[in-house]
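1. sequence and predicted structure, then a few things I'm wondering about:
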Amino acid sequence: MISRRAVTAALGMTLFAPAVHAQSRTAVKFTLGWKTQGSDAPFFVANDKGYFREAGLDVTIDQGEGSGATVTRIMGGAYDAGFGDINAIIQNAATRPADTPAMVYQMWNQPPFAIVAKASSGIKTIKDLEGRTLGGAPGTPTTRLLPVFAKINNLDMAKLKLTSMAPNLQEPMLIQGQIDAALVFNITSYFNLVLNRQDPDKDFVWLSFGDHGLDLYSNGMMVSQKMIRDNPAAVAGLVKAVNKASLDVAADQTMAMASVAKYDGLVNVPVEKRRLQYAFDKLIVSPELKEIGSGDVKDARLARSIGMVVTGYELTRTPAPSEIFNRSFLPARAERELSYKMS
């Protein structure tokens with residue numbers, strides 16, 4: 001006969017075991033770049049498929065306040081890691097290199113910075129912007145880097161009229177004709193136009209910074225210097241999990257959107273699935289990505305990008321690429337072969 005005490009003890013061990021296992025995992029506070037979007041899918045897939053757990057991590061994902069704010073959130077100690085803009089890392093590393101997070105997995109190989117105008121405006125080329133009114137949100141990379149963009153493309157800044165406005169006013173004012181063009185993030189503005197019942201492909205012209213001399217990197221996963229120093233195994237696990245999930249998302253966006261909707265039931269699934277696919281088409285997939293694999297950068301290109309940001313933001317020191325990007329946690333190249341297929 002099995003005693004009641006033995007049964008009780010065995011049951012207690014069974015109930016307690018998962019709690020012990022959960023406590024043994026490393027807690028990671030992770031911030032998104034903005035409100036929930038389809039392009040955030042890799043993080044939700046990594047969580048749902050257990051990739052974080054397999055890496056010994058207990059990851060809490062919170063919504064963000066802007067891709068630049070990800071850096072300051074991590075620097076302030078509220079978050080260990082997040083999805084944000086590498087150009088914001090460059091800005092902060094110029095003055096506080098020891099405190100600034102490092103990019104460990106580059107996700108957007110191409111920059112989202114662009115100028116958008118109505119097709120009916122007659123703006124077709126960069127020179128057509130002269131004599132026009134451009135609306136930009138103060139402090140955003142597109143606005144701050146406009147002088148660099150102008151210099152590279154022989155655009156006379158003295159012939160531009162710049163109007164400052166909140167980001168949420170740019171598309172409405174553009175649609176109403178109160179400005180001739182807007183300085184935007186394409187992945188944001190494109191879908192703001194869609195949600196305003198506009199056709200962003202047919203009725204608007206897009207002048208991408210990346211296509212006109214500003215070959216910058218953009219968003220990816222960054223981690224705190226403290227996490228790199230104190231728990232490098234956790235950083236490696238985080239990178240491995242997100243890399244694996246990114247490859248899954250590239251192969252199946254329908255599956256990916258189920259994870260996005262599970263995290264935030266208020267998302268517009270059709271629009272956000274389209275945004276996810278837009279990210280692959282415009283920001284992620286590139287000839288360079290096919291060469292070096294998902295998550296990595298080319299140091300020479302990053303060095304050029306740093307120079308552009310230093311000029312645009314009038315920084316007093318030029319950080320080295322090694323201060324900005326840390327590739328030591330990347331899985332082997334063979335494990336980072338991203339194959340995008342629209343689903």
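-> Cool, got the structure. For clarity, every value in this text was computed on a predicted model and none was experimentally measured.

2. please count neighbours and contacts with C-alpha atoms only from this point.
-> OK.

3. so how many other residues sit close to S246?
-> As a burial measure, the neighbour count of S246 was computed by other Cα atoms under 10 Å and equals 26.

4. quick one, what contacts it?
-> Contact analysis of S246 by Cα atoms under 8 Å, 6 or more residues apart in numbering lists P42, L338.

5. CA atoms only for whichever strand or helix holds it, dumped as CSV, please.
-> With the criterion set as DSSP states H and E, the secondary-structure element containing S246 is helix 232-251. The C-alpha atoms that make up helix 232-251 are tabulated as CSV, following Å, rounded to 0.1, in the frame of the first residue of the first chain:
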residue,chain,number,x,y,z
PRO,A,232,26.5,36.5,-22.1
ALA,A,233,24.8,33.1,-22.2
ALA,A,234,21.4,34.8,-21.9
VAL,A,235,22.3,37.2,-24.7
ALA,A,236,23.3,34.3,-26.9
GLY,A,237,20.1,32.5,-26.1
LEU,A,238,18.0,35.6,-26.9
VAL,A,239,19.7,36.0,-30.3
LYS,A,240,19.4,32.3,-31.1
ALA,A,241,15.7,32.3,-30.3
VAL,A,242,14.9,35.5,-32.3
ASN,A,243,17.0,34.2,-35.3
LYS,A,244,15.1,31.0,-35.3
ALA,A,245,11.7,32.8,-35.1
SER,A,246,12.7,35.2,-37.8
LEU,A,247,13.3,32.4,-40.2
ASP,A,248,9.9,30.9,-39.3
VAL,A,249,8.2,34.2,-39.9
ALA,A,250,9.8,34.6,-43.3
ALA,A,251,8.4,31.2,-44.3
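
6. could I get the buried residue list for the helix or strand just after that helix?
-> The first helix or strand that comes after helix 232-251 along the chain, using DSSP H and E, is helix 253-263. Of the residues in helix 253-263, those buried by neighbour count under the rule 16 or more other Cα atoms under 10 Å are Q253, A256, M257, A258, S259, V260, A261, Y263.

7. list the buried ones in the helix holding S246?
-> With the criterion 16+ other Cα under 10 Å, helix 232-251 contains buried residues 233-251.

8. follow-up on the earlier one: redo the buried residues of helix 253-263 as a markdown table? Include distance to A81 and pLDDT.
-> Formatted as a markdown table, those follow (distance: Cα to Cα, whole Å; pLDDT from 0 to 100):
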| residue | distance to A81 | pLDDT |
| --- | --- | --- |
| Q253 | 24 | 98 |
| A256 | 21 | 98 |
| M257 | 22 | 98 |
| A258 | 23 | 98 |
| S259 | 20 | 98 |
| V260 | 19 | 98 |
| A261 | 22 | 97 |
| Y263 | 18 | 97 |
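
9. show me where the stretch 1-150 of the chain has helices.
-> For the stretch 1-150 of the chain, the helices defined by DSSP state H, counting those that start in this stretch cover 4-24, 41-48, 51-54, 69-75, 86-93, 141-144, 146-152.

10. out of the buried residues of helix 253-263, who's nearest S339?
-> Within the buried residues of helix 253-263, proximity to S339 (Cα to Cα) peaks at Q253, which comes in at 12.2 Å.

11. against N219, how distant is that closest one?
-> When Cα to Cα, to the nearest Å is the yardstick, Q253 and N219 sit 19 Å from each other.

12. kindly report the same for S24.
-> Plainly put, S24 is 31 Å away from N219 if you go by Cα to Cα.

13. neighbour count winner among the two?
-> The neighbour comparison of S24 against N219 (other Cα under 10 Å) goes to N219, with 26 against 12.

14. pretty sure the more buried one sits against V104.
-> No: under the criterion of Cα atoms under 8 Å, N219 lies out of contact with V104, with a separation of 11.0 Å.
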